[in-house]
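[1] 3D, please:
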Amino acid sequence: LSLLFAFICMQLTGIPANLLSLGALDFGIIVDGTLVMVEHIVHLLVERRRAGHLGGRDGVIATVRDAALEMERPIFFSLLIIISAYIPLFTLERVERRLFTPMAYTICYALFGSMLIALTLIPVFATYLFRNGAKDWENPVLHWLGERYRRALAITLARPRLTVMVSLAVVLVAFGFALTLGSEFLPQLDEGVIWVRATLAPGVSIEKSAQVATGLRRILGEFPEVRLASSQSGRNDSGTDPYGANRNEVFVALKPYDSWTTGRNKATLIEAMSKRLHNEMPGAAFSFTQPIIDNVTESVTGSAADLAVIFTGSDLPQLRSLARQTLALIRDVPGAADSAIEQEDDQPQLRILVDRQAVARYGINVRDVQDMIEMAIGGRAVSTVFEGERVFDVTVRYIPEARKDAHVIGDILVATREGGRVPLS
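    I've put the predicted structure just below:
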């Protein structure tokens with residue numbers, strides 16, 4: 001019933017039932033309130049039966065009611081304390097929030113449902129289950145533990161100052177150890193692979209980007225710890241990554257760590273890769289991460305970086321100026337590595353303005369000029385090829401040498417109505 005209450009609350013708040021939300025659900029905590037309530041009801045029924053005050057059916061109902069009223073405050077505040085222990089998880093942000101808050105919500109929903117059931121439904125069930133009274137049974141293990149606990153309690157109560165001093169010493173020692181553990185809440189998980197991002201100069205051609213990708217695979221594959229390296233240039237096939245041709249991503253699969261013979265670990269291997277890539281490919285920006293955490297951080301924050309400074313606004317030159325100033329400050333911070341501006345820089349463009357008066361003197365339509373530019377530079381479908389159920393367009397375009405720069409494009413000839421040809425320039 002507590003889980004049913006939790007599922008209803010999850011449905012209302014839009015939390016899906018998956019490993020993140022249900023993986024850490026502890027059934028022992030959920031049934032604690034019910035166990036305490038039932039145990040006290042049984043204990044009070046046995047006491048009044050021995051004293052001869054239980055009576056009949058009305059006496060059982062009165063005893064259950066008295067037991068429930070006695071335990072309502074302890075059960076309420078004990079479960080409230082457990083729920084409050086999960087409050088810090090609701091203050092998390094970024095990746096940690098996505099990972100831990102679904103579990104915190106689910107447990108709090110289940111605990112709240114358990115508290116409602118323990119205080120309302122369980123006493124009603126007890127009036128039917130124990131309508132003829134209850135019998136107690138003393139667990140010998142718990143009796144043995146209770147005797148030891150009473151002895152330890154007598155010793156500590158006889159020496160209150162020493163007990164408090166020892167407790168404070170343990171807390172201080174634990175606090176000292178905690179300072180040496182670091183302050184990162186979510187530890188870095190080793191996925192056994194490396195994900196390399198290479199950002200080239202904006203406006204680089206697809207052919208040049210593919211050549212750089214080949215060089216990346218060759219350099220990374222020469223490390224003896226690498227099993228294979230595969231790359232992708234630009235955006236993916238689904239178009240979910242809005243990257244240009246200047247972005248290359250390389251998946252580097254590593255051999256088992258116990259088979260490495262160079263004496264390096266993963267951190268030193270990444271450092272060696274970074275130095276060699278920067279030496280052999282100057283001008284490119286490289287970053288090293290892992291595939292899973294890369295996708296998670298990018299979906300949560302919009303950036304694949306561990307720490308990102310995000311500027312928003314409509315003035316792109318001003319935003320880029322602020323980004324450069326911030327980058328200079330971040331690079332001076334100790335521990336900062338692979339820092340770069342992720343936003344795409346200005347893309348070079350060629351604008352062709354049609355002089356309508358000059359076009360009219362030659363008897364050429366503006367549409368004819370636009371069609372020629374489209375076909376020569378971008379390509380244009382002129383026919384269709386059928387291969388079974390598949391259909392392909394036949395596209396024509398000028399060779400790269402005839403459209404490589406503005407001067408060559410200006411020499412493109414446009415046909416006139418009289419059969420002559422006029423340069424585009």
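[2] would you map the strands across the protein?
    Using DSSP state E, the strands assigned to the chain run over residues 193-199, 226-233, 247-254, 285-289, 380-387, 390-396, 413-415, 421-423.
[3] and the fifth one, what does it pack onto?
    Judged by 3 or more CB pairs under 8 Å, 6 or more residues apart in numbering; DSSP states H and E, strand 380-387 is in contact with strand 390-396. For glycine as for every other residue, the C-beta is placed from the backbone atoms N, C-alpha and C.
[4] now tell me what touches the strand it packs on from outside.
    When contacts are defined by CB atoms under 8 Å, 6 or more residues apart in numbering, strand 390-396 is touched by residues M375, G379, R380, A381, V382, S383, T384, V385, F386.
[5] what sits against the fifth one?
    The one in question is V382. Applying CB under 8 Å, 6+ apart to V382 gives the contacts V394, T395, V396.
[6] how far away is it from L424?
    Taking CB to CB, to the nearest Å as the measure, V382 falls 20 Å from L424.
[7] just to revisit the earlier point, can you put the strands of the chain in JSON lines and add distance to K208 and mean pLDDT?
    As requested, these are arranged in JSON lines below (distance: least, CB to CB, whole Å; pLDDT from 0 to 100):
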{"stretch": "strand 193-199", "distance to K208": "12", "mean pLDDT": "86"}
{"stretch": "strand 226-233", "distance to K208": "10", "mean pLDDT": "86"}
{"stretch": "strand 247-254", "distance to K208": "11", "mean pLDDT": "86"}
{"stretch": "strand 285-289", "distance to K208": "16", "mean pLDDT": "83"}
{"stretch": "strand 380-387", "distance to K208": "25", "mean pLDDT": "85"}
{"stretch": "strand 390-396", "distance to K208": "22", "mean pLDDT": "86"}
{"stretch": "strand 413-415", "distance to K208": "29", "mean pLDDT": "80"}
{"stretch": "strand 421-423", "distance to K208": "29", "mean pLDDT": "80"}
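[8] any chance of the ones you listed in a markdown table, plus distance to L89?
    Supplementary listing: those in a markdown table, determined by distance: least, CB to CB, whole Å:
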| stretch | distance to L89 |
| --- | --- |
| strand 193-199 | 28 |
| strand 226-233 | 36 |
| strand 247-254 | 33 |
| strand 285-289 | 25 |
| strand 380-387 | 56 |
| strand 390-396 | 52 |
| strand 413-415 | 68 |
| strand 421-423 | 69 |
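[9] how near is D190 to D294?
    14 Å.
[10] out of these two, which sits in the more crowded spot?
    Neighbour comparison, D190 and D294: the larger count goes to D294, with 17 against 10 (by other CB atoms under 10 Å).
[11] coming back round to it: now, which of the contacts of V382 sits nearest S231?
    Using CB to CB, T395 is the member of those that lies nearest S231, at 26.6 Å.
[12] please report how far that closest one lies from I377.
    Shown here: T395 relative to I377, a distance of 12 Å by CB to CB.
[13] these two - which one has more neighbours?
    Taking other CB under 10 Å, T395 and I377 do not tie; I377 has more neighbours (16 against 12).
[14] in this structure the more buried one contacts I399, no?
    No: judged on CB atoms under 8 Å, I377 makes no contact with I399 at a distance of 11.6 Å.
[15] one step back: neighbour-wise, which of the contacts of strand 390-396 leads?
    For these, neighbours were counted using other CB under 10 Å, and M375 has the most, 17 neighbours in all.
[16] so for the chain, the centremost residue is which one?
    The structure's the chain has its C-alpha centroid closest to V296; by CA atoms, centre = their mean the separation is 3.1 Å.
[17] that one contacts R98, doesn't it?
    Yes: in this structure, V296 sits in contact with R98. The criterion is CB under 8 Å, and the distance is 7.1 Å.
[18] low-confidence ranges in this structure?
    Where the chain drops to pLDDT under 70, the residues are 20-21, 53-55, 57, 94-95, 133-134, 182-188, 236-242, 299-306, 343-347.
[19] distance check, the residue nearest to the centre of the chain against E342.
    Computed as CB to CB, the V296 to E342 distance reads 17 Å.
[20] packing partners for the longest helix seen in the chain?
    Among the elements of type helix in the chain, defined by DSSP state H, the one spanning the most residues is helix 94-129. Counting contacts by 3+ CB pairs under 8 Å, 6+ apart, helix 94-129 is packed against helix 2-13, helix 19-22, helix 27-30, helix 32-51, helix 57-84, helix 291-301.
[21] quick revisit: of all the strands of the chain, which lies closest to A118?
    Of all the strands of the chain, strand 285-289 comes closest under CB to CB, at 47.1 Å.
[22] so for the longest helix of the chain, what gets flagged as buried?
    Of the residues in helix 94-129, 94-95, 98-115, 117-119, 122-123, 126-127 count as buried by neighbour count, 16 or more other CB atoms under 10 Å.
[23] angle of that helix against helix 2-13?
    Angular relation of helix 94-129 and helix 2-13 on a 0 to 180 degree scale: 140 degrees, by axes from the mean of the first three to the mean of the last three CA atoms, to 10 degrees.
[24] what is the orientation angle of helix 94-129 with helix 291-301?
    Compare the direction of helix 94-129 with that of helix 291-301 by the same axes, to 10 degrees and you get 90 degrees.
[25] what angle sits between helix 94-129 and helix 57-84?
    Computed with the same axes, to 10 degrees, the direction of helix 94-129 lies at 170 degrees from that of helix 57-84.
[26] tell me the gap between helix 94-129 and the middle of its chain.
    In terms of CA atoms, centre = their mean, to the nearest Å, the centre of helix 94-129 is set 26 Å apart from its chain centre.
[27] and for stretch 226-233?
    24 Å.
[28] if you count neighbours, what's buried in it?
    Using 16+ other CB under 10 Å, the residues of stretch 226-233 that count as buried are V226, A229, S231, S233.
[29] could you do stretch 216-223 as well?
    By neighbour count, and taking 16+ other CB under 10 Å as the criterion, the buried residues in stretch 216-223 are L216, R217, I219, L220, F223.
[30] does L228 touch K255 like I think?
    No: no contact is recorded between L228 and K255 when judged using CB under 8 Å, the distance being 9.7 Å.
[31] now do the contacts for V252.
    For V252, the contact set (CB under 8 Å, 6+ apart) comprises V193, I194, W195, V196, L220, V226, L228, A229.
[32] can you rerun that using 10 Å?
    Residues in contact with V252 (CB atoms under 10 Å, 6 or more residues apart in numbering) are 193-196, 216-217, 220-221, 223, 225-231, 269-270, 273, 288.
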